[in-house]
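Undergrad: attaching a predicted model along with its sequence, questions to come.
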Amino acid sequence: PPPRPPAAPFGPEPRPLPRPSGHGSRDVRLLWTANAADALGTQASGVVLPLLLLGLGHSPAVVGLIAGVSTAAGLVMGPLAAVPADRGARKTVMFWSAVVSALAMASVALAVADGRPSLPHLLGAVLVERFSTACYEAASRGTVALIAAPEDVPRVVAGLEAGGQGALVLGPALGGALFQVSRFLPFVADAVSYTVAAVCVRAMRADLVAPGVHAPDRPGDRPAGPARAAAYRAAVAALAAGYTLVRDSALLRLVLVWTTTVGGVLTALYYGAVFTLQEGGHGAAPMGLVLAASGAAGLVGSLTAPRLARRLRPGRALVAVSWLMVPLAAGLAAASGPWAYGALFAAFCLIMPLATVVLQSRAIQATPQHLQARAGAVLATA
């Protein structure tokens, strides 16, 4: 037999995704706009929500409780919303999730403008917004594969990363400036950002339904009587399909292990920097410097990642980024001042997008289109 070709650095090449039909470039721009607007509004309101709660006389424990509960809500809702998204309701889930989030933030803005908003109102609105945002994020994870040509996936992923990094730089500054003018304005900005996202999703010409997937059944089509048990088992199997795929795929397991490990390490390093700067007598301004430098470096890294990803083999890119993180982490162990922390975290955020683009692109290409949201929900939850 003829000699076998050398193994690919990331294992077998994933099967090419079906080439999307229709208006891919236009829909990609709309997706970028929706993602950037959503992230900008979320950053603008998120940075001032703790200030609002503290200013209303609530304790730091209450602020932490709201943050923890809202995060837990997102972890629960993401996998649940991924099932109808993969089954043909992706565009519907994204649109109505953005609309509900806009209404929730608008209610917060009205309550704050009216005077002293109640804690139950704020908590309820934040939970509704978090539930809806989790549904939107879960449904949107399969969009890239449906609107981008396979060779264009890294560029589209990098564009989404750049929008998020740009929002990380501009959002807190925008939220702080609006909060100085009036406390309700950051929440107005967040409501407007969700509205922009909803309009962009509705304007997409692609139906965002994977090939071979039919529209979801109407309520009247649901089985009754003994068939309900079989339907329940089928629903459980559908919910677990993303986990099964990740478990059985060496590539997706690598994505899961790498992202969760690096994410956990970076979070620990960030809090270590916060505690060290606080013990050194530095205030909030130095941490703002660290975040601003990190966000700006991340934006640059996201913009240059597609070009580097095309020039480097995926395995080499991932190994290079992983090893470069070792001396940076060692430097953080010896750092003490805000300038050193800012430079080191900026270096982290400069090289991270290359690995993120490589991993996300390969994961998208290796995942069947009818399982994109469910597999993405498993990775995001981990």
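TA: The structure has been received and is ready for your questions.
Undergrad: any buried residues in stretch 340-348, and which?
TA: Neighbour-count burial for stretch 340-348, counted by 16 or more other Cβ atoms under 10 Å, picks out 341-348. Every C-beta, even on glycine, is put in place using the N, C-alpha and C of the backbone.
Undergrad: which of those residues fall in helices?
TA: Of the positions in these, 341-348 sit in helices, assigned by DSSP state H.
Undergrad: the chain: helices as residue ranges?
TA: Going by DSSP H, the chain shows helices at 24-46, 49-55, 60-84, 90-114, 119-140, 143-147, 153-181, 185-203, 227-248, 250-279, 284-311, 314-334, 338-366, 372-381.
Undergrad: out of those, nearest to residue 213?
TA: helix 90-114 (9.4 Å; Cβ to Cβ).
Undergrad: helices and strands around the closest one, which ones?
TA: Contacts defined by 3 or more Cβ pairs under 8 Å, 6 or more residues apart in numbering; DSSP states H and E place helix 90-114 against helix 24-46, helix 60-84, helix 119-140, helix 143-147, helix 185-203.
Undergrad: of all these, which lies closest to residue 377?
TA: That would be helix 60-84 among the helices and strands packed on helix 90-114, by Cβ to Cβ, at 4.1 Å.
Undergrad: mean confidence for that closest one?
TA: In this model, helix 60-84 has an average pLDDT of 83.
Undergrad: tell me the angle it makes with helix 119-140.
TA: 30 degrees (axes from the mean of the first three to the mean of the last three Cα atoms, to 10 degrees).
Undergrad: may I see the buried residues of the least confident helix or strand in the chain by mean pLDDT?
TA: Taking mean pLDDT, DSSP states H and E as the measure, the helix or strand of the chain with the lowest value is helix 227-248, at a mean of 79. Neighbour counts over helix 227-248 (16+ other Cβ under 10 Å) mark 238, 241-243, 245-246 as buried.
Undergrad: I'd say residue 182 and residue 113 touch.
TA: Yes. If you go by Cβ atoms under 8 Å, residue 182 and residue 113 touch, sitting 7.5 Å apart.
Undergrad: just put the ones in helices among the buried residues of stretch 340-348 in JSON lines and tack on pLDDT.
TA: JSON lines is the format used below for those (pLDDT from 0 to 100):
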{"residue": "341", "pLDDT": "84"}
{"residue": "342", "pLDDT": "85"}
{"residue": "343", "pLDDT": "89"}
{"residue": "344", "pLDDT": "90"}
{"residue": "345", "pLDDT": "88"}
{"residue": "346", "pLDDT": "90"}
{"residue": "347", "pLDDT": "93"}
{"residue": "348", "pLDDT": "91"}
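Undergrad: any chance of the helices of the chain in a markdown table, plus distance to residue 210?
TA: Formatted as a markdown table, these follow (distance: least, Cβ to Cβ, whole Å):
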| stretch | distance to residue 210 |
| --- | --- |
| helix 24-46 | 15 |
| helix 49-55 | 36 |
| helix 60-84 | 13 |
| helix 90-114 | 8 |
| helix 119-140 | 12 |
| helix 143-147 | 7 |
| helix 153-181 | 15 |
| helix 185-203 | 17 |
| helix 227-248 | 13 |
| helix 250-279 | 17 |
| helix 284-311 | 25 |
| helix 314-334 | 24 |
| helix 338-366 | 12 |
| helix 372-381 | 7 |
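Undergrad: out of the buried residues of helix 227-248, flag the one nearest to residue 40.
TA: residue 242 (29.0 Å).
Undergrad: list the contacts of the closest one.
TA: With contact set as Cβ atoms under 8 Å, 6 or more residues apart in numbering, residue 242 has these partners: 79, 82, 371, 373-378.
Undergrad: rerun at 7 Å
TA: 82, 371, 374-375, 377-378 (Cβ atoms under 7 Å, 6 or more residues apart in numbering).
Undergrad: do residue 293 as well
TA: 342, 345-346.
Undergrad: distance to residue 57 added to those residues, as a markdown table?
TA: Output for these, formatted as a markdown table (distance: Cβ to Cβ, whole Å):
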| residue | distance to residue 57 |
| --- | --- |
| 342 | 34 |
| 345 | 34 |
| 346 | 37 |
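Undergrad: about what we covered before: show the buried residues in the contacts of residue 242.
TA: Counted by 16+ other Cβ under 10 Å, those give 82, 371, 374-375, 377-378 as buried.
Undergrad: export these to a markdown table and tack on distance to residue 352?
TA: Shown next, in a markdown table, are the buried ones among the contacts of residue 242 (distance: Cβ to Cβ, whole Å):
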| residue | distance to residue 352 |
| --- | --- |
| 82 | 25 |
| 371 | 26 |
| 374 | 25 |
| 375 | 21 |
| 377 | 22 |
| 378 | 21 |
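Undergrad: from these, which is closest to residue 211?
TA: residue 371 (12.7 Å).
Undergrad: what confidence value was assigned to the closest one?
TA: Confidence score, pLDDT, at residue 371: 89.
Undergrad: residue 22 now?
TA: 48.
Undergrad: can you check residue 320 too?
TA: Confidence for residue 320, expressed as pLDDT, is 93.
Undergrad: disregarding residues adjacent in the polypeptide, which is nearest to it?
TA: residue 312 (7.5 Å; Cβ to Cβ, 6 or more residues apart in numbering).
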